[in-house]
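Engineer: Here's a sequence, model it:
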Amino acid sequence: MTLAIVVVLLLALLAFGLPVAFSLGIAGAAGLLVFGGHDLLIGILSTAPASSVGSYEFMTIPMFLLMAEFMVASRISDSLFSAIAAWTGRLPGGLGVATALTGAAFGAISGSSTAAAATLSKSSIPSMINQGYEPRFAKGIVSISGTLAMLIPPSVAIIFYGLLSGTSVAKLLMAGIIPGALVTLVIVLTIWGLLWHNPTLAGKSRSHSWKEKFDSIKVAGPFCALFVLVTGMIYLGIATPVESSALGALGALLFTMASGRMTRSVFLSAVARTCATSAMIGLIVICAQMFGYFITVTETTQKLVQFVGNAGVSPYTVLAFLVLLYLVLGCFLDQLSILILTIPIVLPLVVKLGFDPVWFGILVILLAEVGMVTPPVGLNVFVVAKSTNSPVAEVFAGVWPHVVAHVLLIIVLIIFPQIILWLPNTMSP
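Structural biologist: Numbers count the residues shown, from 1 in each chain. Just a heads-up that it's a prediction; the model follows:
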């Protein structure tokens, strides 16, 4: 009965528009008070904040956020699209392919899907439309390419899942690389498939001179070096994710200074935004931990596991239900909200059914990625529509073939989980 009251309270708070963090904190505190009394609530309130954000792994988030702020300040994203387009220009839909690759590259320095979508809207959509791309086609490519930031390390969503689940952040970051590459490939193949069906969607391809191609390496080179530094040291076991994130932030600072765009105001602004975002994420983690304590003391997950076990339902039937659940939730909530609302309850069940938590984490991120471009919310679609002053329906119409392709890829990753697990399983101990 207590659980039902708390869930209704949580849903009511969300319905009234209260931020997810506060909704979870209030509902969790109310549940703890009703279930365990004043002493239990005070005990958890006095220990939860420190235990939630005092973990060593939490430092990964502000360091990667600072790295992203410095890289954005360097304005590398403004020239990255042009640099990649110099090499893909002669391919069918070359600018569309460059957009997908730029989305993956931007994800490696940002970790924010909405920031990637907004940046790509300003850099690639005008270029594609000027070259004769059908507007709906171009905007669909940008919307789906922006979601790659959720998978490519350093992904804030992946790190957040690691903090919530207690799963190795290093393995999760490595596990996102191959699926991220596959998603990029699927976007490119979808572009080519649409052009094969209707060549008029894109204008004529444009070739670039070898001088332009080699000049583009000067732009992409430092970025690639930074990505290899961060992910390579984690993979080889030379540095922890926290140490690698600090090196990444230092490398981004040096790169921005070398570009001549680092000033005192830029530096202070980057640090201030990093602190604000980190504080917001810290508050979410604390409130999610409080709600998680409530779920633990009421033995909700244990009862759920026992119920599923007694029902004799196939693990893959349960997984199929969870996949549909995450697809539906993705239509209404952002990825961090989905994680904090579901992981404390769902993950113990998933592990009990024999599924790997690293594999499941990447799967959930992929499902949330699809939710970023599906109606009625589709946050990336709204970002692209606002950035280009376009009707939301037009952008949704351009992105739906990519949604279908993404769902097919998710099915493949469910059937062959080693695609996700191979790279983290080969990491140095």
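
Engineer: drop to CA atoms for contacts and neighbour counts, all remaining ones
Structural biologist: Will do.

Engineer: quick one, helices of the stretch 251-400 of the chain?
Structural biologist: Under the criterion DSSP state H, counting those that start in this stretch, helices of the stretch 251-400 of the chain are mapped to 264-297, 300-311, 315-330, 335-352, 357-371, 379-388, 392-415.

Engineer: elements contacting the fifth one?
Structural biologist: In terms of contacts (3 or more CA pairs under 8 Å, 6 or more residues apart in numbering; DSSP states H and E), helix 357-371 is packed against helix 156-165, helix 169-175, helix 315-330, helix 335-352, helix 392-415, helix 418-425.

Engineer: which one of the ones you listed lies closest to Gln131?
Structural biologist: Nearest to Gln131, of all those, is helix 392-415, at 17.5 Å by CA to CA.

Engineer: returning to that earlier point: columns distance to Phe137 and mean pLDDT on top of the helices and strands packed on helix 357-371, output as TSV?
Structural biologist: Output for the helices and strands packed on helix 357-371, formatted as TSV (distance: least, CA to CA, whole Å; pLDDT from 0 to 100):
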stretch	distance to Phe137	mean pLDDT
helix 156-165	28	84
helix 169-175	30	89
helix 315-330	23	85
helix 335-352	25	82
helix 392-415	5	89
helix 418-425	30	92
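
Engineer: quick revisit: ok, which of the helices of the stretch 251-400 of the chain comes nearest Ala73?
Structural biologist: Nearest to Ala73 among the helices of the stretch 251-400 of the chain is helix 264-297 (7.1 Å), distances taken as CA to CA.

Engineer: Hmm, Glu394 is touching Glu134, no?
Structural biologist: No: contact criterion CA atoms under 8 Å: Glu394 and Glu134 do not qualify, at 11.0 Å.

Engineer: any low-confidence regions in the stretch 201-350 of the chain?
Structural biologist: Counting by pLDDT under 70, the stretch 201-350 of the chain contains low-confidence ranges at 207-210, 212-213, 215-216, 219, 299-302, 304-305, 308-310, 334.

Engineer: Relative to Leu172, how far out is Lys139?
Structural biologist: Lys139 sits 30 Å away from Leu172, going by CA to CA, to the nearest Å.

Engineer: how close does the residue nearest to the spatial centre of the chain get to Ala170?
Structural biologist: Nearest to the mean C-alpha position of the chain, by CA atoms, centre = their mean, lies Met150 at 1.9 Å. Going from Met150 to Ala170 by CA to CA gives 15 Å.

Engineer: before we move on, what about Thr231?
Structural biologist: 9 Å.

Engineer: what's the answer for Phe64, then?
Structural biologist: Phe64 sits 13 Å away from Ala170, going by CA to CA.
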